[in-house]
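In: Sequence first, then the predicted structure, then my questions.
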Amino acid sequence: MDKKSSVFPMIIIGILFFVFGFVTWLNGSLIPFLKVICNLTEFQSLFVTFAFYIAYTVMALPMASVLDKTGYKNGMALGLAVMVLGSLVFIPAALSANFIIFLIALFILGTGLTILQTASNPYVVLIGPIESAAMRISIMGLINKGAGVLVPVLFTALILSDIGTLTGELSQESIDDLAHRLIIPYIVMAIVLSGLIVLIKFSSIPELDFEKETLDEKLSIFNFPRVVLGAVALFFYVGIEVIAGDTIGLYAQGLDVANVTTLTSYTMVFMVLGYLVGVFFIPKYLSQEKALISSAIGGSLILFGVAFSSSTSHNISEILWGWSGVATLPNTVTFVALLGFANALVWPTIWPLAIEGLGKYTAKGSALLIMAIAGGAILPIVFGKIAQELGDMQLSYLIGLVCYAFIFMYAVKWHKMDRWSKDV
């Protein structure tokens, strides 16, 4: 595909990546919000991430088979339709303030995103030279995390504009009122997603064609160690990414910080800064492998800052963009937000390293990598359980050292493996 003909598909995919970010990073605001209206413990509230991200594991391979039959373009439209359904299920969930129905709605949204992610990520990788794929994914990441910056602020403005904090006791009448405030935003989301279905169906976005690239000697996607080990690395990456983005509000809530539903946006701001590094430095000044190594080392160092820094507060809004803002954050919470910078380039670098040369196996390779998003379901639950047992959420963030160890191994060795042997 030439450069000129790739511009319009990139615009369409960019819109979809904004949708990914908007829906995904809304969870960071929903966790402390649902903790209040559904009367949950911190551990129970983390099932928000579990229900959403486990859909990627359960549905990724079935959705890859669907893509083989429908094609990538129709698959994107189908994914959006499933997300419309998930958005509408939020209406009975909000009316009843029933946590189980909220979890069902989140699982349906995650299923729709599974289809969209499985279809769209290969487009970004294969639409140009493989050496600059991380740069293109970084551009998509800027759009994705830009939505992540926006959505917590919008959520707080629309839902909590006259409340300001979710700490303290609320009456049942206030809780019911809070729950009902979710209805209109999710109806609007369903309408917007429906409009995107029409845009996709009538767009000229091309299908990906792999017929000229066949690897008949490979009978299974599991014959490709770079993909399998890439999925392992992504499992741990998504786990620490979600922990950094979705638990920051919960952690700050325990420290009596105000406006905790906005705090995911701070993690996203640092991710945006990380993606800018990818856009401007990869591949001209920084190889994909070196970017991945730097991410693993940097993330590990920041974790020590999370675990062992003080609770002294400062105004992070003033530091970031020069105005007083809404949050004065303890140092340890700021380090959680800084994990966003370390995490930013992991996804953009692992994808091209993992799926290069897969040919007709790209859909299944993409599905396997998408299944790794289950790390966002499982590792935050493990994090929550450890925090519950230790009685100390701050030290529990050190679980991320395991995550960065796997990312580091993929960066220095595993991505070079073409076969299952001791020799690389």
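Out: Alright, I've got the coordinates. Numbers count the residues shown, from 1 in each chain.
In: Not counting its neighbours along the chain, what's nearest residue 80?
Out: The shortest distance from residue 80 to any non-neighbouring residue, by CB to CB, 6 or more residues apart in numbering, is to residue 197 (4.7 Å). The C-beta positions use only the backbone N, C-alpha and C, and glycine is treated the same way.
In: Relative to residue 64, how far out is that neighbour?
Out: 21 Å (CB to CB, to the nearest Å).
In: So what touches the helix or strand hosting residue 380?
Out: Using DSSP states H and E, residue 380 sits within helix 375-390. Residues from elsewhere that reach helix 375-390 (CB atoms under 8 Å, 6 or more residues apart in numbering): 41-43, 46-47, 49-54, 56-57, 234-243, 246-247, 393, 396-397, 399, 403.
In: quick one, what contacts residue 12?
Out: 199-200, 203, 205.
In: can you give me the strands for this protein?
Out: For the chain, the strands defined by DSSP state E occupy 313-315, 328-330.
In: Lowest average confidence across these, which one?
Out: Ranked by mean pLDDT, the strands of the chain end with strand 313-315 at the bottom, a mean of 62.
In: how far away is residue 127 from residue 133?
Out: According to CB to CB, residue 127 and residue 133 sit 9 Å apart.
In: between those two, who's got more neighbours?
Out: Legend: neighbour count by other CB atoms under 10 Å for residue 127 and residue 133, higher for residue 133 (24 against 19).
In: right, and the more buried one touches residue 347 too?
Out: No: the criterion here is CB atoms under 8 Å, and residue 133 misses it with residue 347 at 11.4 Å.
In: In space, what's closest to residue 305 - neighbours in sequence excluded?
Out: Closest to residue 305 by CB to CB, 6+ apart is residue 335, at 3.9 Å.
In: Local confidence estimate at the one you found?
Out: Per-residue pLDDT puts residue 335 at 93.
In: And it, how close does it get to residue 408?
Out: Look at residue 335 and residue 408: by CB to CB, they are 20 Å apart.
In: which of those two has more neighbours?
Out: Between residue 335 and residue 408, counting by other CB under 10 Å, residue 335 is the more crowded of the two (22 against 19).
In: what about that one, distance to residue 292?
Out: Taken as CB to CB, the span from residue 335 to residue 292 is 21 Å.
In: Okay, now the unreliable bits of the stretch 1-150 of the chain?
Out: For the stretch 1-150 of the chain, the stretches flagged by pLDDT under 70 are 1-6.
In: what about 90?
Out: Applying pLDDT under 90 to the stretch 1-150 of the chain flags the ranges 1-46, 49, 53-77, 97, 113-150.
In: could you pull out the helices for the stretch 101-250 of the chain?
Out: 133-159, 172-180, 183-201, 225-246, 248-254 (DSSP state H, counting those that start in this stretch).
In: Mind pulling the model confidence for the residue nearest to residue 80?
Out: Reported pLDDT for residue 197: 91.
In: For it, which residues are in contact?
Out: Contacts for residue 197 were tallied using CB under 8 Å, 6+ apart; they are 77, 80-81, 84.
In: now swap in residue 356 and tell me
Out: With the criterion set at CB under 8 Å, 6+ apart, residue 356 makes contact with 130, 226.
In: can we see that at 6 Å?
Out: By CB atoms under 6 Å, 6 or more residues apart in numbering, residue 356 lies in contact with residue 130.
In: likewise residue 372?
Out: Residue 372 neighbours (CB under 6 Å, 6+ apart): 231, 234-235.
In: quick one: which of those residues is nearest to residue 179?
Out: When the contacts of residue 372 are compared for distance to residue 179 (CB to CB), residue 235 wins out at 33.2 Å.
In: Next, count neighbours for that closest one.
Out: With other CB under 10 Å as criterion, residue 235 counts 22.
In: how close does the residue nearest to residue 80 sit to residue 75?
Out: Taking CB to CB, one finds residue 197 at 12 Å from residue 75.
In: Equivalent analysis for residue 141, please.
Out: With CB to CB as the criterion, residue 141 and residue 75 are 22 Å apart.
In: When these two are compared, which one has more neighbours?
Out: Neighbour count, other CB under 10 Å: between residue 141 and residue 75, residue 141 has more, with 26 against 23.
In: which ones are touching the nearest residue to the more buried one once chain neighbours are set aside?
Out: Beyond its immediate neighbours in the sequence, the residue positioned closest to residue 141 (CB to CB, 6+ apart) is residue 275, lying 4.2 Å away. With contact set as CB under 6 Å, 6+ apart, residue 275 has these partners: 138, 141-142, 344.
In: cool, and residue 273?
Out: Neighbour list for residue 273: residue 341 [criterion: CB under 6 Å, 6+ apart].
In: Compute the number of surrounding residues for the nearest residue to residue 278 once chain neighbours are set aside.
Out: With CB to CB, 6+ apart as the criterion, residue 278 has its nearest non-adjacent residue at 3.1 Å, and that residue is residue 138. Neighbour count for residue 138, taken as other CB under 10 Å: 26.
In: Confirm for me that residue 138 is in contact with residue 276.
Out: No: judged on CB atoms under 6 Å, residue 138 makes no contact with residue 276 at a distance of 7.8 Å.
In: circling back: could you report the separation of the residue nearest to residue 278 from residue 281?
Out: Residue 138 sits 9 Å away from residue 281, taking CB to CB as the criterion.
In: just residue 409 next, same as before
Out: Distance from residue 409 to residue 281, counting by CB to CB: 23 Å.
In: Also residue 28?
Out: Using CB to CB, we find residue 28 at a distance of 28 Å from residue 281.
In: got it, and residue 234?
Out: Applying CB to CB, the value for residue 234 to residue 281 is 22 Å.
In: So if I had to pick from the two, which one is more boxed in?
Out: residue 234 (27 against 17).
In: Leaving out the residues flanking it, which one is nearest to the more buried one?
Out: residue 372 (3.7 Å).
In: go on, residue 14?
Out: Leaving aside its sequence neighbours, residue 14 sits nearest to residue 143 (CB to CB, 6+ apart; 5.1 Å).
In: before we move on, what about residue 310?
Out: Counting by CB to CB, 6+ apart, residue 331 is the residue found nearest to residue 310 once chain neighbours are left out, at 5.3 Å.
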